[in-house]
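Give me a model of this one.
(one chain, ligands or ions: 1)
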Amino acid sequence: MSALAAAVADTNARCQAPLDEDYAHLQRQLDRRRFDIEALVARAMGFRVAIPSWGVGTGGTRFGRFPGPGEPRTLLEKLDDCGVVQSLVRITPGISLHIPWDKPRDSGPGDAASIRARLLELGLSIESMNSNTFQDQGSQQLSYKFGSLSHTDYAVRQQAIDHNLECLAIGRALGASAHTVWIGDGGNFPGQIHFRRSLDRYIESLQAIHAGLPDGWRLFIEHKCYEPAFYSTVLNDWGTSYLCAREVGERCLSLVDLGHHAPNVNIEQIVAQLIRLRALGGFHFNDSKFGDDDLDAGSIKPFQLFLIFNELVDAEQEGIPGFAPAYMLDQSHNVTDPIESLMTSAMEVVRAYVQAHLVDRAALAEAQANNDPMRALQLLKAAFRTDVSPILAEARVREGGAIDPVMAYRASGYRGAVAKARPPVASSGSGIV
Ligand SMILES: [Mn+2]
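Below is the predicted model:
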């Protein structure tokens, strides 16, 4: 038995009796409220949120980066860490890759065949690809300093398009089915960029990428209100994203990264509007206090996360045609063990999903019809205040995971073991997009 499996068995044995007690109590409470706890366990077991390959390394800010011990140095090592997350929480089998950081080698360890074999061994799969035209890579001819897909120079735009097409080819070889484009294009000075023409060029470049999409793939475009450009950003908000997606093509959809909005923006309403417009492609979950996208999902504003899932579950239960958003974490781990942050965040996301199933939707519809805001809020709060932890733990146990993933992970000694096997490297291809 591996150290990890032994730690799961050992910690689960210690946590089982308290879990049984809490589960039985919650079952009585939910019976009274006419919710079927078994159905909720099934929902929790069926939930999926993908892990970004760059999330298993320490992130950083523009001021610095403080690497932790045992950081993965290669894609195979990143997959090993993702495998640890999945083996403990059991809802994260999907991985999102970043090119060029995760570009497979041409042959030998780290080539496409060895990556596919490792994925199979770990019970993981590649879900989506991410391009990178917000940095210059050593091998490229032209610089993205003044933009990529919207650059004024056709040759730079073509280089960025070719890079995205290469991501599609790599993703196809690894079994992915979606491609996400986030660009850093924008301006720092009034007058620097012709707003209308830069949008024209952006859309035209995306059309070329859309035309290269393999069968069955979806193209997600990710907006962000600022950073790295601080005066203007080409794809700055969800409305622009929606309108661009419509012009780009029918398989182009909007992706919502929670941290890519100005403070206090009503993200749950944006989510509902994109669902109404049949344009919601997916999510990058994280949390933020100011204007960043770096904090762990659910760590600052768990009620906001719940309200977002309230909209998603409402749409799911209504059976809206074509509603199939892709869920992924996208956050930067600067002061924690990335594996612990990813596990905790995945659990916060599924927590919000399960809590949203506890909204009495018939009563909510009645409160809305009667213009009774206090009753409406009470119904949402009743769901949000319910501690569904026993449901989540039960779902993990039934899938072979850990009742307390962080406790099991620490007991396994995994980080100490990989710290010995993986000496630090200067650059690990991690960060935030
Ligand atoms: Mn993102």
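
residue contacts, residue 115?
Neighbour list for residue 115: 75-76, 79, 104, 174 [criterion: C-beta atoms under 8 Å, 6 or more residues apart in numbering]. All C-beta atoms are positioned from the backbone trio N, CA, C, and that covers glycine.

Isn't residue 349 up against residue 285?
Yes: applying C-beta atoms under 8 Å, one finds residue 349 in contact with residue 285, separated by 5.4 Å.

Need the overlap of contacts for the two.
Common neighbours of residue 349 and residue 285 (C-beta under 8 Å, 6+ apart) are 49, 297, 305, 327, 329.

burial measure for residue 399, as a count.
14 (other C-beta atoms under 10 Å).

Any buried residues in the helix or strand harbouring residue 38, and which?
In this assignment (DSSP states H and E), residue 38 forms part of helix 37-46. Across helix 37-46, burial judged by 16 or more other C-beta atoms under 10 Å covers 37, 40-41, 43-45.

so, if you compare the residues you listed, which one comes nearest to residue 336?
Closest approach between the buried residues of helix 37-46 and residue 336, by C-beta to C-beta: residue 44, at 23.9 Å.

Okay, the closest residue in space to that closest one that isn't next to it in sequence and residue 12: tell me how far apart.
Spatial nearest neighbour of residue 44, excluding adjacent residues (C-beta to C-beta, 6 or more residues apart in numbering): residue 395 at 3.7 Å. Going from residue 395 to residue 12 by C-beta to C-beta, to the nearest Å gives 13 Å.

The two: who's more crowded?
The neighbour comparison of residue 395 against residue 12 (other C-beta under 10 Å) goes to residue 395, with 24 against 20.

Show me how far the helix or strand containing the more buried one is from its chain's centre.
Using DSSP H and E, residue 395 maps to helix 389-398. The chain centre lies 21 Å from the centre of helix 389-398; the measure is C-alpha atoms, centre = their mean, to the nearest Å.

cool, stretch 71-86 as well?
16 Å.

again with stretch 387-405
21 Å.

What residues does the stretch 201-350 of the chain have near the ion?
257, 284, 330 (C-beta under 5 Å from the ion).

quick one: contacts for the second one?
Going back to what we said before, that points to residue 284. Neighbours of residue 284 in contact, by C-beta under 8 Å, 6+ apart: 222, 255-260, 293, 328-330.

Next: residue 314.
Contacts of residue 314 (C-beta under 8 Å, 6+ apart): 356, 359, 361.

Of the residues you listed - the most surrounded one?
Neighbour max across the contacts of residue 314 (other C-beta under 10 Å) = residue 356, 25 neighbours.

That one against residue 317, yeah?
No: in this structure residue 356 lies outside contact range of residue 317 using C-beta under 8 Å: 9.4 Å.

For the one residue in the stretch 51-200 of the chain that gets nearest to the ion, grab phi and psi.
Among the residues of the stretch 51-200 of the chain, residue 182 lies closest to the ion, at 5.9 Å counting by C-beta to the ion. As for residue 182, its main-chain torsions (degrees, to the nearest 10) stand at phi -120, psi 130.

gap between it and residue 296?
Counting by C-beta to C-beta, the gap from residue 182 to residue 296 is 20 Å.

How many neighbouring residues does the residue of the stretch 301-433 of the chain found nearest the ion have?
Of all residues in the stretch 301-433 of the chain, residue 330 sits closest to the ion, at 3.8 Å by C-beta to the ion. Applying other C-beta under 10 Å, we find 29 residues neighbouring residue 330.

For it, which non-adjacent residue is closest in space?
That would be residue 284: by C-beta to C-beta, 6+ apart, it lies 3.5 Å from residue 330.

In three-state terms, label that neighbour for me.
The three-state label given to residue 284 by DSSP: H, G, I helix; E, B strand; the rest coil is strand.

Quick check: bridge partners of it?
residue 257, residue 328 (DSSP bridges).

pLDDT wise, what is it at?
Looking at residue 284, its pLDDT reads 98.

Residue 1 too?
79.

Looks like it contacts residue 8 (just checking).
No: look at residue 1 against residue 8 with C-beta under 8 Å: they stay out of range, at 9.5 Å.

The two - which one has more neighbours?
More neighbours surround residue 8 than the other of residue 1 and residue 8, with 27 against 8 (other C-beta under 10 Å).

Let's see the distance spanning stretch 290-304 from one end to the other.
14 Å (C-alpha to C-alpha, to the nearest Å).
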